[in-house]
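Colleague: I'll drop the sequence and a predicted model, then ask my questions.
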Amino acid sequence: MSVNTTTAEEVRPPSPPGPIRWLKKNLFSNWYNSLLTVISGVIVFFALKAVILWVFFEANWDPVTHSLKLFAVGQYPPDQLWRVGTIVCMVSFLFGVSWKVWGGTVRTFALAIALVLGVAGLLPVSMGLGLRLWFLSNPLLTAIGYQVGRTPVGKSKWVALGWVVSFFLTIILLTGIEGLPWLPPVKSGLWGGLLLTFLLAMVGIAASFPIGVALALGRQSSLPVVKAFCVLFIELVRGVPLVTVLFMASIILPLFLPEDVRIDRVLRAMMGMTLFAAAYMAENVRGGLQAIPKGQVEAAKAVGLNGFQTMALIVLPQALRLVIPAIVGQFIALFMDTTLAVIVGLMELLAVGRAVLESNVEWKLLNMEVYIFIAAIFWIFNYSMSYASRRLEAALGVGKR
Amino acid sequence: MSRKIFALLSLFVVLSILLTACAQQAECPECTPCPECPEEAAAPAAEEGQSRLEIVKERGKVVCGSRTDLLGFGYLDENGRNVGFDIDLCRAVAAAIFNDPEAVEFVPLTAAERGPALQTNEVDILSRNCTWTSSRDAQWGNFTVIMFYDGQGMMVRKDSGATKLEDLDGATVCVTTGTTTELNLADNFRSRGLDFTPVTFEDTASVYNAYEEGRCDAATSDKSQLAAVRAGFANPDDHVILDVTMSKEPLTPAVPQGDDQWFDIVKTVMYVLINAEELGVTSQNVDEMMNSDSPEIRRMLGVEGDFGQSDLGLSKDFAANVIRAVGNYGEIYDRYMGPNGDAFTLDRGINKLWKDGGLIYAPPLR
């Protein structure tokens, strides 16, 4: 990739002239453009002034600053918070390793996370020494991870394995193990806030992807039963709003189950969201599959690949690459859809927001501040995802071949 | 580069398939539990003929259907602990059975979920600011003892001069959409031949923000909520809550149908709370009261005599444990809504004891 830099510099257009020339050319080229510039300038000035005044002087951010723990982890037991801290440390470390091994976008994310946590640890606000040290340990772990990445361990497969293991470790750490005194079980009803939003989204994304691919393949299958099942499932789920699916999973399903079978409430929501996302994923993947020319399959058969190999090595990689934008769009939608879990009584970010509004008589009317804070959190994560997807597309050369 | 990413993607796929397998396993009860999956909150298998009290004791916790988003009744404190009037009723039941007010698992329920949660036995008690109505009683479960008499009220600006509903002819009224509150509002105005324009919002904070900004002449909700909202305004004294009650809202904890012993236990715990206030037994003086001369107090605290503790399957001194843990009815009320309450201040009004002219009354413990 570095080979391209020289050519890129050669074809770059001449650098733009000074700022005054630019202003004159773009904003004040004639009398009505000048007028428009002045008018919009005034509007922008007053709008910005109002926003800044509100954000820094009028708005009362107490509900947010006093409830950061609730927003972060909900009702997770305070004496077990070290588990969530450990998970974040683990992620920081893995980002460090991945930065060295994979570089590119990962570097941006690793640096961003280390920077945010590091700065949070240096903020001149009152916080416990433990919390401060924890914040500061994260950039350190990223740096250590980077160094580990230089050793022979820094191979792509090991890093990937590390991420997979960390996923399971996360779930084991959060859930706890019956009978282990230092790791008592924590009911999923106590998970909340950003932690739960993340879990719902991550499990939804991780589980809906393979189911979606399987459904897409099933829909193209020549076996009538498989095909009928897949078509029925996809069309049924796609014809129903997610709210309905969640209501079904959380209210109707228990009425049909036998008395002694109880499915965890969080798991119920996860199942509903996963099945819903899988149906849409299937249609996205089908679009990719249908875009692969028949010649690819024929060529694969000609070199002696069997059906499975053809699919796994030739068709799917190309098809999935084609639909990356659609899939990431789907992931972003899924991440935002986690807020719908509020209507089935889970304490995700939005539900925490509501609870915070009702936790103090003086905060009851501060819904603007609380909801803007939640919107900002969602924006940060969704923008990161779409940024990562753009970089991934560029790296895979989507739209160039 | 692209090979690496493909390798990563395929790993991702494998991992996801594993996970999905877990999720699917969890759907069927026979499968062995999968260690990677969140532990199922399966209630212990109800053996034939096992009573709810036995199930609760085996589980070690009372499962309480509650809410986290109603100041005063069920809300979270800064540490995320469940607190509130309704919450303490559940803690009282836990204290009666386990002598531990923390032996409760709170399940936050939305309005739509409360009925099914009772019908499917998902919760042992529903204490979620729930109004007792005849159809809910018939369909959902058994309602125990009315613990709070609420009613729909109307808040107006003081300078409007309105004192009764008739003064609000032609007014715009802010109300949450799709609730019985909205229906009661329409009923009350129609039966009086009054005209009004509803301004509806999905979320309660918006209702009161709109009212405070002057977008409507009045706001309507349960009186307890209006009192809380009024306390949060910049100038509470500029607003008055009219002395009209537009609906009856008896807030009552409920239990699932089909277990009379459990129904009686929850009722008796509520009776204990009310009788304790009547007899002047508080969480502070409960141990001194053990030596009281009053036979009623001695019987309640389990010092002498009996009021059916053994038939209920509870210890002889369970009432003392309840009072020590959460206090009597008045203490619970004052903790959240008394003059220095944690949530807001609301005059007890009809929620005074019967002997003080209110409606709170319980059968004797004997």
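Modeller: Arrived safely.

Colleague: let me see the contact set for B:Leu109.
Modeller: By CB atoms under 8 Å, 6 or more residues apart in numbering or on different chains, the contact set of B:Leu109 is A:Gly345, B:Gly65, B:Ser66, B:Arg67, B:Ala117, B:Val123, B:Leu126, B:Arg128. (C-beta placed from N, C-alpha, C; glycine too.)

Colleague: contacts only, for the second one.
Modeller: When you say that, I think you mean B:Gly65. So B:Gly65 contacts B:Val107, B:Leu109, B:Arg114, B:Ala117, B:Leu118, B:Glu122, B:Val123, B:Ile125, B:Leu126, B:Ser127, B:Arg128 (CB under 8 Å, 6+ apart).

Colleague: in the chain, what spans have low per-residue confidence?
Modeller: As the question left the chain open, I've gone with chain A. A:1-17, A:398-401 (pLDDT under 70).

Colleague: that's the other chain; I wanted chain B
Modeller: B:1-48.

Colleague: give me the domain ranges for it.
Modeller: What automatic domain parsing lists as the domains of chain B is B:52-147+B:252-356, B:151-248.

Colleague: which one of the contacts of B:Gly65 is nearest A:Ile211?
Modeller: Among the contacts of B:Gly65, B:Glu122 lies closest to A:Ile211 (CB to CB), at 27.4 Å.

Colleague: which residue, neighbours along the chain excluded, lies closest to that closest one?
Modeller: The spatial neighbour of B:Glu122 that comes closest, neighbours along the chain excluded (CB to CB, 6 or more residues apart in numbering or on different chains), is A:Pro254 at 6.4 Å.

Colleague: count the neighbours of the nearest residue to B:Thr204 once chain neighbours are set aside for me.
Modeller: Spatially, and ignoring its direct neighbours in sequence, B:Thr204 is nearest to B:Thr176 (5.7 Å; CB to CB, 6+ apart). By the criterion of other CB atoms under 10 Å in any protein chain shown, B:Thr176 has 18 neighbours.

Colleague: so of the domains of chain B, which one's packed in deepest?
Modeller: Each of the domains of chain B was scored by mean neighbour count; the highest is domain B:52-147+B:252-356, a mean of 20, by mean count of other CB atoms under 10 Å in any protein chain shown.

Colleague: counting by contacts, list what the helix or strand where B:Ile323 lies packs against.
Modeller: Per DSSP states H and E, B:Ile323 falls inside helix B:318-326. Secondary-structure packing of helix B:318-326 (3 or more CB pairs under 8 Å, 6 or more residues apart in numbering or on different chains; DSSP states H and E): helix B:85-98, helix B:260-279, helix B:286-289.

Colleague: what is the last one packed up against?
Modeller: Using 3+ CB pairs under 8 Å, 6+ apart, the elements in contact with helix B:286-289 are helix B:318-326.

Colleague: between the next helix or strand after the helix it packs on and helix B:85-98, how big is the angle?
Modeller: Counting by DSSP H and E, the next helix or strand C-terminal to helix B:318-326 is helix B:329-337. With axes from the mean of the first three to the mean of the last three CA atoms, to 10 degrees applied, the angle from helix B:329-337 to helix B:85-98 works out at 140 degrees.

Colleague: put the alpha carbons of helix B:329-337 into CSV.
Modeller: The C-alpha trace of helix B:329-337 is given here as CSV (Å, rounded to 0.1, in the frame of the first residue of the first chain):
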residue,chain,number,x,y,z
TYR,B,329,-46.6,1.9,57.2
GLY,B,330,-46.2,5.5,58.3
GLU,B,331,-42.4,5.2,58.3
ILE,B,332,-42.3,3.8,54.8
TYR,B,333,-44.6,6.6,53.6
ASP,B,334,-42.5,9.3,55.3
ARG,B,335,-39.3,7.8,54.1
TYR,B,336,-40.2,8.7,50.5
MET,B,337,-43.1,11.2,50.7
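
Colleague: list of residues touching that helix?
Modeller: B:72-73, B:83-85, B:88-89, B:92, B:147, B:224, B:227, B:273-274, B:276-277, B:282-283, B:326-327, B:340-346, B:348, B:351, B:353, B:360.
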